[in-house]
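> Would you be able to build a 3D model of this:
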Amino acid sequence: MFKTKNLLKMVVVSTMAALLLAGCGGDKDSKGSSKDVLAKIKEDKKIVFGVKYDTRLFGLKNPSTGKVEGFDIDLSKALAEEMFGKDVKPEYVEVTSKTRVGLLNNGKVDAVVATMTITDERKKEVDFTDVYFDAGQSLLVKKGSKIHSIADLKKGTKVLAVKGSTSTINIREKAPETTVLEFENYAEAFTALKAGKGDALTTDDSILYGMAEEDPSYELVGGTFTEEPYGIAVKKGNKDLVDALNKALKSLKDSGKYDEIKNKWIKK
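The predicted model follows:
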């Protein structure tokens, strides 16, 4: 009987200890797990944005300064200041179309501001803010190309795109006879186009304008053939952070600050 009572006590004590440890561990858990991301941002006094490093006009690392620059960068800085004043500093982590959801969901970044189109499929994985930029998919070709629109993408033509983007899905649906070659990022895709490995490069017009600005021997053709509304993505279930971002975005638009940032980078 004595042994039974002692054994029972040991089980109770062990269970309580395990529960206490679990509670302590939860406090140290990654962002978006046991603690709300917004609360963790305020506690850490920093917000980590996932941004592109290879997308001229939106997020491009300047080789001379080592800093990433563009519309998405300036907008995220303005959003951080609107939400937190000077108390929280923005930090940046490079993402690509392929890696951004994974880095968001494993807590490496708090929010993704990276030319990310809002789609029903992506809404299953992440939560989005309101639309912060309206783009549309188009084609970039060498000036003088025989390709003038998506109707010219027939069997034997090659179109370059980026892995993990909606562009690859759309082009296969709208030009099923063309061959689609996928690359890790936009820099690689544009280099391949200039090397003659494809007849056209497809992605959002906003991104293609940056490439045409970089090399004026290329141009956009055929207008847009999809709608690509960009949203800021956060880890699923973090409604407080989504609400805070939406409130800040509206405030920037109402004050004219949003247009100031947009006009600085997007001249079309």
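> going forward, measure contacts and count neighbours with C-alpha atoms only.
OK.
> low-scoring stretches of the stretch 51-200 of the chain, by residue?
Nowhere does the stretch 51-200 of the chain drop to pLDDT under 70.
> which residues of it fall in helices?
71-84, 100-105, 120-123, 166-174, 186-194 (DSSP state H, counting those that start in this stretch).
> Any idea which of those helices gets closest to residue 149?
Taking Cα to Cα, helix 166-174 is the member of those nearest to residue 149, at 11.4 Å.
> Show me what that closest one packs onto, helices and strands only.
On a contact count with 3 or more Cα pairs under 8 Å, 6 or more residues apart in numbering; DSSP states H and E, helix 166-174 meets strand 158-162, strand 179-183, strand 200-204.
> how about these in JSON lines, adding mean neighbour count?
Shown next, in JSON lines, are the helices and strands packed on helix 166-174 (neighbours: other Cα atoms under 10 Å):
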{"stretch": "strand 158-162", "mean neighbour count": "25"}
{"stretch": "strand 179-183", "mean neighbour count": "18"}
{"stretch": "strand 200-204", "mean neighbour count": "26"}
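> what's in contact with stretch 171-179?
Here stretch 171-179 makes contact (Cα atoms under 8 Å, 6 or more residues apart in numbering) with 150-151, 153-159, 180, 202.
> Try it again at 7 Å.
The contact list for stretch 171-179 (Cα atoms under 7 Å, 6 or more residues apart in numbering) reads 150, 153-159.
> now the residues you listed: which count as buried?
Buried subset of the contacts of stretch 171-179 (neighbour count, 16 or more other Cα atoms under 10 Å): 150, 153, 158-159.
> which residues touch the most centrally placed residue in the chain?
By Cα atoms, centre = their mean, the mean C-alpha position of the chain lies nearest to residue 114, the distance being 3.1 Å. Going by Cα under 7 Å, 6+ apart, residue 114 touches 50-52, 72.
> ok, now residue 252?
Neighbouring residues of residue 252 by Cα under 7 Å, 6+ apart: residue 258.
> Check what pLDDT it gets.
We have a pLDDT of 98 for residue 252.
> Repeat that for residue 37.
pLDDT recorded at residue 37 is 88.
> what's the spacing between it and residue 66?
For residue 37, the distance to residue 66 equals 28 Å [Cα to Cα, to the nearest Å].
> Between these two, tell me which one has more neighbours.
Counting neighbours by other Cα atoms under 10 Å for residue 37 and for residue 66 shows that residue 37 has the greater number, 24 against 9.
> so where do the strands sit in this structure?
46-51, 54-55, 59-61, 68-69, 89-94, 111-112, 126-135, 137-142, 158-162, 179-183, 200-204, 218-221, 228-235 (DSSP state E).
> Can you lay out the ones you listed as JSON lines showing distance to residue 190?
Formatted as JSON lines, these follow (distance: least, Cα to Cα, whole Å):
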{"stretch": "strand 46-51", "distance to residue 190": "19"}
{"stretch": "strand 54-55", "distance to residue 190": "10"}
{"stretch": "strand 59-61", "distance to residue 190": "14"}
{"stretch": "strand 68-69", "distance to residue 190": "19"}
{"stretch": "strand 89-94", "distance to residue 190": "19"}
{"stretch": "strand 111-112", "distance to residue 190": "23"}
{"stretch": "strand 126-135", "distance to residue 190": "19"}
{"stretch": "strand 137-142", "distance to residue 190": "9"}
{"stretch": "strand 158-162", "distance to residue 190": "8"}
{"stretch": "strand 179-183", "distance to residue 190": "9"}
{"stretch": "strand 200-204", "distance to residue 190": "7"}
{"stretch": "strand 218-221", "distance to residue 190": "10"}
{"stretch": "strand 228-235", "distance to residue 190": "20"}
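> Need the winner for burial among those strands.
Comparing these by mean neighbour count (mean count of other Cα atoms under 10 Å), strand 111-112 ranks first with a mean of 28.
> Give me the helices and strands touching that strand, please.
strand 46-51, strand 228-235 (3 or more Cα pairs under 7 Å, 6 or more residues apart in numbering; DSSP states H and E).
> Including distance to residue 261, could these go into TSV?
Below are the helices and strands packed on strand 111-112 laid out as TSV (distance: least, Cα to Cα, whole Å):
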stretch	distance to residue 261
strand 46-51	16
strand 228-235	16
